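# how would this look folded up:
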Amino acid sequence: MTAPNPAAELTTDAGYTAEDIAQQWSQLRQTEPKLRIRDAAAKLGVSEAQLVALGCGTTATRLSADWGDFIRELEALGPVMALTRNDGAVSEKDGHYRNVEIFTGHTRMGQVLDSGIDLRLFLDRWAIGFAVCEDSPRGPRRSFQFFDATGTAVHKTYLREASNVEAFESLTRRFAAPDQSREQPVSAPPPPAAEIPDAEVDVAGFRQGWRELKDTHDFIRLIHRFRVSRTQALRLAEPEMAWQVRPDSFGRILEEVAAARENIMIFVGNPGCIQIHSGPIHNVKRVGEWLNVLDDGFNLHVHEPKVHSAWVVKKPTARGIVTGVEFFDATGEQIAILHAKRREGETPSPFWAELCDRLTRVG
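Reported below is the predicted structural model:
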């Protein structure tokens with residue numbers, strides 16, 4: 001069998017079987033033994049979920065559940081590590097799945113509001129789940145892993161040393177799917193949505209809507225109303241509300257925040273989940289192409305070559321202007337958002353605004 005074509009439709013009905021994929025993956029691991037599963041899937045032209053499914057019957061158990069109900073059950077695991085990533089960044093946060101709320105409306109959403117694990121869940125995107133138990137140098141590594149319909153990971157939950165293994169095994173048995181085959185059908189990714197021409201945008205109306213924002217969460221509704229992409233919205237904004245800065249601002253912000261011992265909010269997400277770190281950061285390190293925060297209870301990994309553009313963005317709210325810095329890859333997909341952290345009713349520290357003003361502008 002030849003390696004699956006990355007441009008082909010990602011489905012096990014596309015002319016190759018689980019055995020074909022397993023053979024190709026085995027060969028790839030011989031040549032690149034340290035390659036992570038997400039990168040291996042990309043090289044093979046398959047999805048990560050298809051590679052995980054190869055372990056059904058050995059290292060993986062396919063799950064069948066209402067994912068909102070399943071997330072509620074995760075509190076029983078005790079302390080765990082939550083992992084959310086996209087192509088440019090990975091956030092790993094220790095904590096508990098507590099204060100879980102699931103909202104059913106036009107779209108199914110949820111949130112986890114632990115002091116450690118802070119998530120926003122977009123459950124309509126969740127389609128596939130597995131319980132995974134793999135060997136590692138430190139012993140069995142247990143996790144629950146969730147994917148969208150294309151087989152792309154949206155969220156993962158890893159057990160720690162103090163986690164409740166019996167609860168993990170119980171959930172795995174309770175939610176095991178009848179189908180434990182190694183085949184994992186997935187959908188082809190939809191083509192990227194094309195931006196409408198700037199000339200077709202009511203820029204004056206859009207800018208007025210921006211000035212009238214009362215909450216940062218209203219911003220997404222604003223860009224949907226005017227049918228603009230997020231990067232297009234920033235480009236069309238009034239110059240004092242959004243301006244472009246150097247992509248390497250990410251590292252500068254993290255280093256200055258750590259040195260000043262200031263608090264920060266770091267949002268890393270994908271269409272299925274946003275994970276939020278709130279608090280200080282300490283140990284900022286570059287290793288090769290990766291910018292890292294390596295703290296107890298929180299790790300962040302940013303692949304700096306993926307960071308194509310960065311914007312300082314100001315959004316009006318009922319409590320004043322909120323300033324963030326947003327980072328995007330070359331396709332316009334968001335990698336991360338950085339904000340100052342403040343409690344309700346607190347006056348924000350001038351540090352953050354001054355830092356954003358010092359960032360080197362582009363253009």
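# domains in this protein, by residue range?
In terms of domains, the chain is parsed into 1-91+127-191, 198-358 (source: automatic domain parsing).
# isn't T231 up against F328?
Yes. The pair T231 and F328 passes the contact test of C-beta atoms under 8 Å, sitting 5.7 Å apart. For every residue, glycine as well, the C-beta is placed using N, CA and C.
# and the most centrally placed residue in the chain, which of the three is it?
When the chain is reduced to its mean C-alpha position, the nearest residue by C-alpha atoms, centre = their mean turns out to be G269, at 2.6 Å. Classification of G269 by DSSP: H, G, I helix; E, B strand; the rest coil places it in strand.
# so it versus I102, what's the distance?
Distance check for G269 against I102: by C-beta to C-beta, to the nearest Å, it reads 18 Å.
# which parts of this protein are helices?
Taking DSSP state H to define them, one finds helices in the chain at 18-31, 37-44, 48-53, 67-73, 165-174, 203-211, 218-225, 230-236, 249-260, 350-358.
# can you say which of those is packed in most?
helix 48-53 (a mean of 25; mean count of other C-beta atoms under 10 Å).
# and the contacts of that helix?
Helix 48-53 is contacted by residues 10, 12, 18, 21, 25, 37-38, 40-41, 44, 60, 62, 128, 130, 132, 145, 147, 151-153, 181-184, 186 when judged by C-beta atoms under 8 Å, 6 or more residues apart in numbering.
# average pLDDT across it?
The average pLDDT for helix 48-53 rounds to 97.
# ok, V362 - how many residues close by?
V362 has 13 neighbours, counted by other C-beta atoms under 10 Å.
# what about the strands in the stretch 251-363 of the chain?
264-270, 273-279, 284-287, 290-295, 298-303, 309-317, 320-328, 334-340 (DSSP state E, counting those that start in this stretch).
# could you pull out the buried residues of the fifth one?
Read that as strand 298-303. By 16 or more other C-beta atoms under 10 Å, the buried positions in strand 298-303 come out as 298-303.
# indicate each strand paired with it and its parallel or antiparallel sense.
Using DSSP bridges, strand 298-303 pairs in its sheet with strand 89-95 (antiparallel), strand 290-295 (antiparallel).
# what of the first one?
Its sheet considered, strand 264-270 pairs with strand 273-279 (antiparallel), strand 334-340 (antiparallel) by DSSP bridges.
# kindly state the pLDDT recorded for the residue lying closest to T17 once chain neighbours are set aside?
Leaving aside its sequence neighbours, T17 sits nearest to E183 (C-beta to C-beta, 6 or more residues apart in numbering; 7.2 Å). pLDDT for E183: 96.
# how about S136?
At S136, the pLDDT value in this model is 85.
# what's the distance between K341 and F267?
For K341 relative to F267 (C-beta to C-beta), the value is 11 Å.
# sorry, that was for P350
From P350 to F267 the distance is 22 Å (C-beta to C-beta).
# low-confidence bits of the stretch 251-363 of the chain, can you list those?
343-348 (pLDDT under 70).
# now do 90
Across the stretch 251-363 of the chain, residues meeting the criterion (pLDDT under 90) sit at 319-320, 341-350, 363.
# S91 bridge partners, please.
If you apply DSSP bridges, the partners that S91 bridges to are T84, L300.
# try F328
S309, Q334.
# how about it, what does it touch?
With C-beta under 8 Å, 6+ apart, F328 has these contacts: 230-231, 307-311, 334-335.
# look up how far M265 lies from A310.
16 Å.
# which one's more surrounded, the two?
Between A310 and M265, counting by other C-beta under 10 Å, A310 is the more crowded of the two (24 against 16).
# now the two most distant members of the contacts of F328.
With distances taken as C-beta to C-beta, the most widely separated pair in those is R230 and V307, at 15.0 Å.
# for the stretch 51-200 of the chain, which spans come out with low pLDDT?
In the stretch 51-200 of the chain (pLDDT under 90), the answer is 104-107, 135-139, 189-193.
# run the last query once more with 50
Judged by pLDDT under 50, the stretch 51-200 of the chain has no weakly predicted residues.
# related to what we said a few turns ago, joint contacts of T231 and F328?
309, 311.
# tally of neighbours for E289?
Neighbourhood size, E289 [other C-beta under 10 Å]: 10.
# quick check: W243 touching R361?
Yes. Counting by C-beta under 8 Å, R361 is a contact partner of W243 at 5.9 Å.
# neighbour count for these two, which is higher?
Ranked by neighbour count (other C-beta under 10 Å), W243 and R361 place W243 first, with 18 against 11.
# tell me how far the more buried one lies from P305.
Counting by C-beta to C-beta - W243 and P305 are separated by 23 Å.
# report the contact partners of the closest residue to I335 other than its chain neighbours.
Distance criterion C-beta to C-beta, 6+ apart; nearest residue to I335, sequence neighbours excluded, is G88 at 3.7 Å. By C-beta under 8 Å, 6+ apart, G88 lies in contact with 302-303, 306-307, 327, 329, 333, 335-336.
# close enough to count as contact, E333 and D87?
Yes. The pair E333 and D87 passes the contact test of C-beta under 8 Å, sitting 7.0 Å apart.
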